[in-house]
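*Asks:* Any chance you could fold what I've pasted below:
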Amino acid sequence: MQNNRQNNSCQNGKINSFTQVNQMQKQPNKFRFGGEDVRVVNSMIDIIYPPVPFPSNKIYKALGEVKIREMVDHHHQLLLNTKVGKLFPANEEALKMAIDKSADFFVEALGGDDVFTSAHGEPHLRMRHFKIPIDESDREIWLAMYKKTLKEISFPEEHLEEFWNWIEPLSIRMINRRTNMDEIKRHHWHEIKSGFVSA
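*Replies:* Okay, here's the model as predicted:
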């Protein structure tokens with residue numbers, strides 16, 4: 001039982017199965033299918049999701065619903081000028097609906113009324129985005145455009161850390177297509193705050 005626990009990548013925080021897959025590929029003389037014996041390939045985990053600390057309602061109280069909606073719209077306008085823009089509907093009305101839906105989520109998540117769940121149900125971000133392939137680089141662009149948004153809209157400095165500590169791990173849950181077996185790159189607040197906080 002103890003040996004099992006040590007090998008479980010969820011328990012030790014390492015994705016051991018990727019190493020095992022690479023070793024298999026380096027051993028061409030071994031039968032991969034249809035050999036003399038039964039062969040078991042170990043389970044594989046592509047993402048270990050970090051915890052997501054949803055913010056208090058302090059941000060909602062500081063910004064209010066209108067400003068939050070303006071922030072979400074600003075972010076989407078920036079995204080439209082990147083390669084991620086191709087993931088959004090080309091139809092103007094459909095695009096507006098998508099942005100409004102995202103704004104509903106942010107309003108509710110930051111402490112406003114249940115404008116998202118009452119209309120759309122539980123968020124389940126990865127499942128909701130599954131029809132739209134989102135990979136690691138798309139997530140990097142999404143976060144970079146949020147950094148730009150927060151600067152351009154003069155987001156209240158005293159709430160930046162709490163907001164970033166929410167959207168940074170939250171963004172990992174939108175990835176639904178992997179292009180490599182590397183761990184997902186993290187962008188912790190202490191690493192990026194110098195670009196926001198005045199001395």
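
*Asks:* quick one, what contacts residue 171?
*Replies:* 139, 142-143 (Cβ atoms under 8 Å, 6 or more residues apart in numbering). Backbone N, C-alpha and C define where each C-beta goes, glycine included.

*Asks:* remind me which residues of the chain are low pLDDT?
*Replies:* Scanning the chain with the threshold set as pLDDT under 70 gives 1-34, 44, 123-130, 198-199.

*Asks:* sorry, back to before: turn the contacts of residue 171 into JSON lines, including distance to residue 68.
*Replies:* Shown next, in JSON lines, are the contacts of residue 171 (distance: Cβ to Cβ, whole Å):
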{"residue": "139", "distance to residue 68": "21"}
{"residue": "142", "distance to residue 68": "17"}
{"residue": "143", "distance to residue 68": "18"}
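
*Asks:* excluding its backbone neighbours, what's nearest residue 76?
*Replies:* residue 99 (4.9 Å; Cβ to Cβ, 6 or more residues apart in numbering).

*Asks:* gap between the helix or strand harbouring that neighbour and the chain center?
*Replies:* Residue 99 belongs to helix 92-109 when assigned by DSSP states H and E. Average the C-alpha atoms of helix 92-109, do the same for its chain, and the two points are 17 Å apart (Cα atoms, centre = their mean, to the nearest Å).

*Asks:* Buried residues, it. List them.
*Replies:* 99, 102-109 (16 or more other Cβ atoms under 10 Å).

*Asks:* now the helix or strand residue 62 falls within and helix 92-109, what's the angle there?
*Replies:* Assigned by DSSP H and E, residue 62 belongs to helix 58-79. Helix 58-79 and helix 92-109 are oriented at 160 degrees to each other (axes from the mean of the first three to the mean of the last three Cα atoms, to 10 degrees).

*Asks:* Which elements pack onto helix 58-79?
*Replies:* Contact here means 3 or more Cβ pairs under 8 Å, 6 or more residues apart in numbering; DSSP states H and E; on that basis helix 58-79 packs against helix 92-109, helix 136-152, helix 160-172.

*Asks:* what angle separates it from helix 136-152?
*Replies:* Using the same axes, to 10 degrees: helix 58-79 against helix 136-152 is 120 degrees.

*Asks:* what does helix 58-79 contact?
*Replies:* So helix 58-79 is contacted by 85, 88, 98-99, 102-103, 106-107, 110-112, 141-142, 145-146, 148-150, 152-153, 155-156, 158-159, 162-163 (Cβ under 8 Å, 6+ apart).
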